[in-house]
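1. okay, sequence plus prediction incoming.
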Amino acid sequence: MPDGQQVEVEDHEEIMERVAAIDVAKASGMVCTRVPHPAKAGRRITRVWQVASTTSQILELAGAAGRRGH
């Protein structure tokens with residue numbers, strides 16, 4: 001899975017520890033994940049990247065999430 005763009009997130013009320021979203025359009029899609037920061041307690045890492053909206057790319061994302069247990 002690509003590293004994507006990493007963004008520092010301001011302090012906000014936490015509702016869910018880990019979240020992910022996929023916005024798929026005709027030719028491409030955007031993926032966003034938000035997970036706990038490994039070194040900064042109470043902080044999160046948001047990662048955003050673009051993928052092709054082909055069946056194989058979407059299945060690859062699903063397989064990667066399954067391997068990571070998310």
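-> Structure received. Quick caveat, the model's predicted, so the values are computed rather than measured.
2. which residue is the nearest non-sequential neighbour of the residue located most distally from the centre of the chain?
-> What lies farthest from the middle of the chain is Lys26; by CA atoms, centre = their mean that is 19.8 Å. Ranked by CB to CB, 6 or more residues apart in numbering and with sequence neighbours excluded, the top spatial neighbour of Lys26 is Ser53, at 6.7 Å. In this view, the C-beta of every residue, glycine as well, is placed from N, C-alpha and C.
3. in the protein, which ranges drop under the pLDDT threshold?
-> Low-confidence regions of the chain, defined by pLDDT under 70, span residues 1-2, 9, 11-15, 65-70.
4. mind listing what Ile45 touches?
-> Counting by CB atoms under 8 Å, 6 or more residues apart in numbering, Ile45 touches 6-7, 9, 34-38.
5. please convert the buried members of the residues you listed into PyMOL selection syntax.
-> Per 16 or more other CB atoms under 10 Å, the buried members of the contacts of Ile45 correspond to this PyMOL selection:
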select buried, resi 34
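6. can you pick out the most distant pair from the contacts of Ile45?
-> Among the contacts of Ile45, the pair separated by the greatest distance (CB to CB) is Val7 and Pro38, at 15.3 Å.
7. before we move on, back to that, tell me the secondary structure for the residue farthest from the centre of the chain?
-> Put simply, Lys26 is coil when judged by DSSP: H, G, I helix; E, B strand; the rest coil.
8. count the neighbours of the residue nearest to Ala25 when sequence neighbours are not counted for me.
-> Closest residue in space to Ala25, ignoring its immediate chain neighbours: Ser53 at 6.1 Å, by CB to CB, 6+ apart. Ser53: 16 surrounding residues under other CB atoms under 10 Å.
9. no further queries at this time; thank you.
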